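**Q** need coordinates for the below:
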Amino acid sequence: MSKIGEKIIKVEPVVTVDIQSSSVLVKGPKGELKIEVPNTIKVIQENGVLTVGRTKDDKKTKSLHGLFRSLIANAVEGVQKPWEKKLEIVGTGFNVKMEGQNLALKTGFSHPVVFKARPGVTFSVEGTNLITISSVDKQLAGEVAYLVKLTRKPDPYKGKGIRYAGEYLKLKPGKKAKAAGAA
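**A** Here you go, the predicted structure:
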């Protein structure tokens with residue numbers, strides 16, 4: 001038995017779930033998501049509750065059971081309140097600003113790096129160093145946040161770069177610290 005797959009998903013009245021043979025369409029006030037479901041996984045809706053089950057008990061189906069329950073639960077939550085990822089920019093002269101729907105990042109390159117917004121993703125900027133990425137799709141929000149972070153990963157010595165808000169970086173000691181330890 002899948003511990004996660006056996007949990008029920010509570011559906012609020014503002015969310016509608018349309019179950020077809022090979023997909024689940026979740027609609028809410030913030031948007032809609034369609035999740036393709038294999039035919040070995042069955043989704044049942046009754047009394048405002050979704051239950052995810054399986055038609056076979058082979059190893060592959062058991063491994064997919066919890067996965068698709070989590071994907072459907074994330075969709076139900078995301079169409080009510082979009083998923084957010086927060087990034088912070090650390091470094092002298094590093095900043096970010098909005099250019100229409102796109103991000104313009106100044107992170108030490110000779111030119112600003114313009115990051116175009118994908119469909120279904122919205123950017124917002126607080127001050128000059130905080131970015132909020134939001135989407136109804138949790139996977140898409142995380143993927144875009146990672147791609148923005150890749151434009152300037154944090155430096156291991158000074159910590160300059162783009163990181164997730166609240167992310168702890170263990171900084172390496174520099175040459176002086178190594179020389180002082182050897183003497």
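**Q** drop to CA atoms for contacts and neighbour counts, all remaining ones
**A** OK.
**Q** so who does the closest residue to residue 132 other than its chain neighbours touch?
**A** Distance criterion CA to CA, 6 or more residues apart in numbering; nearest residue to residue 132, sequence neighbours excluded, is residue 86 at 4.5 Å. By CA atoms under 8 Å, 6 or more residues apart in numbering, the residues touching residue 86 are 130, 131, 132, 133, 145, 164, 165.
**Q** how about the residues you listed in a markdown table, adding secondary structure, distance to residue 155 and pLDDT?
**A** As requested, those are exported to a markdown table (DSSP: H, G, I helix; E, B strand; the rest coil; distance: CA to CA, whole Å; pLDDT from 0 to 100):
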| residue | secondary structure | distance to residue 155 | pLDDT |
| --- | --- | --- | --- |
| 130 | strand | 18 | 95 |
| 131 | strand | 19 | 95 |
| 132 | strand | 21 | 96 |
| 133 | strand | 22 | 96 |
| 145 | helix | 18 | 96 |
| 164 | strand | 14 | 95 |
| 165 | coil | 16 | 94 |
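**Q** report the mean confidence score over the host helix or strand of the residue nearest to residue 132.
**A** Remark: residue 86 resides in strand 83-90, with elements defined by DSSP states H and E. Averaging pLDDT along strand 83-90 gives 95.
**Q** state which helix of the protein is the longest.
**A** Identified as the longest helix of the chain according to DSSP state H is helix 59-78.
**Q** could you export it as PDB, CA atoms only?
**A** This file holds the C-alpha atoms of helix 59-78, laid out as PDB (Å, rounded to 0.1, in the frame of the first residue of the first chain):
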ATOM      1  CA  LYS A  59       5.400  -2.800  -8.900                       C
ATOM      2  CA  LYS A  60       5.200   0.000 -11.500                       C
ATOM      3  CA  THR A  61       1.600   0.800 -10.700                       C
ATOM      4  CA  LYS A  62       2.400   0.900  -7.000                       C
ATOM      5  CA  SER A  63       5.200   3.400  -7.600                       C
ATOM      6  CA  LEU A  64       2.900   5.700  -9.700                       C
ATOM      7  CA  HIS A  65       0.000   5.600  -7.200                       C
ATOM      8  CA  GLY A  66       1.500   8.100  -4.700                       C
ATOM      9  CA  LEU A  67       3.000  10.200  -7.500                       C
ATOM     10  CA  PHE A  68      -0.300  10.900  -9.200                       C
ATOM     11  CA  ARG A  69      -2.100  11.400  -5.900                       C
ATOM     12  CA  SER A  70       0.500  14.200  -5.100                       C
ATOM     13  CA  LEU A  71       0.200  15.700  -8.600                       C
ATOM     14  CA  ILE A  72      -3.600  15.900  -8.300                       C
ATOM     15  CA  ALA A  73      -3.400  17.300  -4.800                       C
ATOM     16  CA  ASN A  74      -0.900  20.000  -5.900                       C
ATOM     17  CA  ALA A  75      -3.200  20.900  -8.800                       C
ATOM     18  CA  VAL A  76      -6.200  21.200  -6.500                       C
ATOM     19  CA  GLU A  77      -4.200  23.500  -4.200                       C
ATOM     20  CA  GLY A  78      -2.600  25.500  -7.000                       C
END
